[in-house]
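A.B. asks: No sequence on hand, only this structure:
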């Protein structure tokens, strides 16, 4: 009976309070509230869906209340500055401070355990140099590219209009214009909110939003029309993404508004289904020719692809197709499995796909072993929000870096992790106009630009301390990583480098690469028998 004590107490209290209401009118409101709680308790007893509520009527609802606010309680009251869930308070704070132009120094030494496994540091130089302003650029565009792009080395990673709201997309693009860096559209196409003058990387996914016919197939004519836009600087084909590699998606019809339909070339109110794989090609050779088709139709703009590394022989098959056809992408973006602004099944988020360190070094080595590294630029994305994150990625082989959640924090994201619910409290990942109202485009655009500028200034300070002029001078032997056994290895020892052209000479001396190379076929993504 003790489990029902609260309900019994409320049932007895309600008539007493109601009687008091005859002499003190406010008691009537209290009595009405008690009656509603009693009614709720009776409903809890007779419903069959939740056993907890049948056994603990009324009071059992506290479980759902506390579960609903658990992320906020943990974030504000319990977690330490370095608990990464998925971004630590330390990481978020540095973004907020740089986005606002506030003091970002820390007193009293590091809070990191420098003797813990995985701790990494950059070796510095006695002959360090004075640092500059950090506006470093990388030219993207190979021999076949007629319109190369001088990109910033830090840009906004792929986030679609639809996953982000109109105000967020507008602020990101305006910030990119102010800071002179690039804004990846995500696979949702180019919307009216991307039209604030910021450079665009047009991402094309398996559903071909913005360049599709009514049957959902790639439409070369529509692609050529949009790719000719001067605001579009590069074309990126999405093969997979870090959060859910190999997984398609569905945008329910009720979320397909007129604006989203306009950007994606789809009917209003009809479900948008993203296939797991592209329909335009089925082999590595066909993919190489598809890239050439995009390059020609865009007027010679840089064309490349993004992927989270999966089966290693599949990437080797792409490399073999490049060698066989002579068609090279101008760039490849390696997305680590730790990336992920969009919602994904838990098992995919936690256990599918290759982390950035292993993925980036594998792609770099595959290109080195095939003699192609100096002809293809490499981008990297996956939890890269601080200047040291950029140092780390450059040392492992990146020519430039992208960040999604870093720029979301600059917009005011508080890591509420309600992105998929349409109830984002800061108006970043919602289509609700009332919630979006809280995100003021002019203010947040300035913060986006400030975050970019201050992060690159911090990067330049670190690079200068190492004695270098540019982040591109960094190599893996300058990056040290403590192993689980306490041993310290430079990154070139932790991730051994291949000799240039070694894969073409039958054996590179590294079983992982040699095995994947033997399995790879340019005519199929399936492994050789």
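C.D. replies: In hand now; what should we look at? Since the structure is predicted, the reported quantities are computational estimates derived from the model, not experimental observations. Residues are numbered from 1 along each chain as shown.
A.B. asks: for the closest residue in space to residue 379 that isn't next to it in sequence, which residues make a bridge with it?
C.D. replies: In this structure, residue 379 finds its nearest non-sequential neighbour in residue 333, 3.9 Å apart by CB to CB, 6 or more residues apart in numbering. C-beta: built from backbone N, CA, C; applies to glycine. Using DSSP bridges, the bridge partners assigned to residue 333 are residue 306, residue 379.
A.B. asks: in stretch 140-152, what's buried?
C.D. replies: 140, 141, 142, 144, 145, 148, 149, 151, 152 (16 or more other CB atoms under 10 Å).
A.B. asks: quick one: which of these sit in strands?
C.D. replies: Counting by DSSP state E, the part of the buried residues of stretch 140-152 found in strands is 140, 149, 151, 152.
A.B. asks: The third one: what's it in contact with?
C.D. replies: Pointing back at residue 151 there. 137, 138, 139, 140, 181, 182, 199, 233, 234, 400 (CB atoms under 8 Å, 6 or more residues apart in numbering).
A.B. asks: so the fifth one makes contact with residue 149?
C.D. replies: Right, residue 181. No. Between residue 181 and residue 149 there is no contact under CB atoms under 8 Å: 11.3 Å.
A.B. asks: Give me the common contacts of these two.
C.D. replies: residue 199.
A.B. asks: What is the burial count for residue 290?
C.D. replies: When neighbours are counted by other CB atoms under 10 Å, residue 290 registers 19.
A.B. asks: Model confidence score at it, please.
C.D. replies: Note on residue 290: pLDDT of 98.
A.B. asks: from here on, count from 54
C.D. replies: Yep, numbering from 54; the last one is residue 343 now.
A.B. asks: Would you mind splitting this protein into its domains for me?
C.D. replies: In terms of domains, the chain is parsed into 55-122, 190-517 (source: automatic domain parsing).
A.B. asks: How about the contacts made by the closest residue to residue 212 other than its chain neighbours?
C.D. replies: Leaving aside its chain neighbours, residue 212 sits nearest to residue 239 (4.9 Å; criterion: CB to CB, 6+ apart). Listed by CB under 8 Å, 6+ apart, the contact set of residue 239 reads 211, 212, 213, 214, 216, 256.
A.B. asks: Tell me if I'm right that the first one and residue 359 touch.
C.D. replies: Yes. With contacts defined as CB under 8 Å, residue 211 counts as touching residue 359 at a distance of 7.2 Å.
A.B. asks: Now list whatever residues contact both of these two.
C.D. replies: By CB under 8 Å, 6+ apart, residue 211 and residue 359 have these common neighbours: 256, 289, 291, 294.
A.B. asks: pretty sure the first one is touching residue 211, no?
C.D. replies: Yes. A contact is recorded between residue 256 and residue 211 when judged using CB under 8 Å, the distance being 5.0 Å.
A.B. asks: Touching both of those two, which residues are there?
C.D. replies: 237, 238, 239, 240, 289, 291, 359.
A.B. asks: Tell me which two in those residues are the farthest apart.
C.D. replies: Maximum pairwise distance in the shared contacts of residue 256 and residue 211, criterion CB to CB, is 12.0 Å, between 238 and 359.
A.B. asks: tell me, what's touching these two both at once?
C.D. replies: In contact with both residue 238 and residue 359: 211, 256, using CB under 8 Å, 6+ apart.
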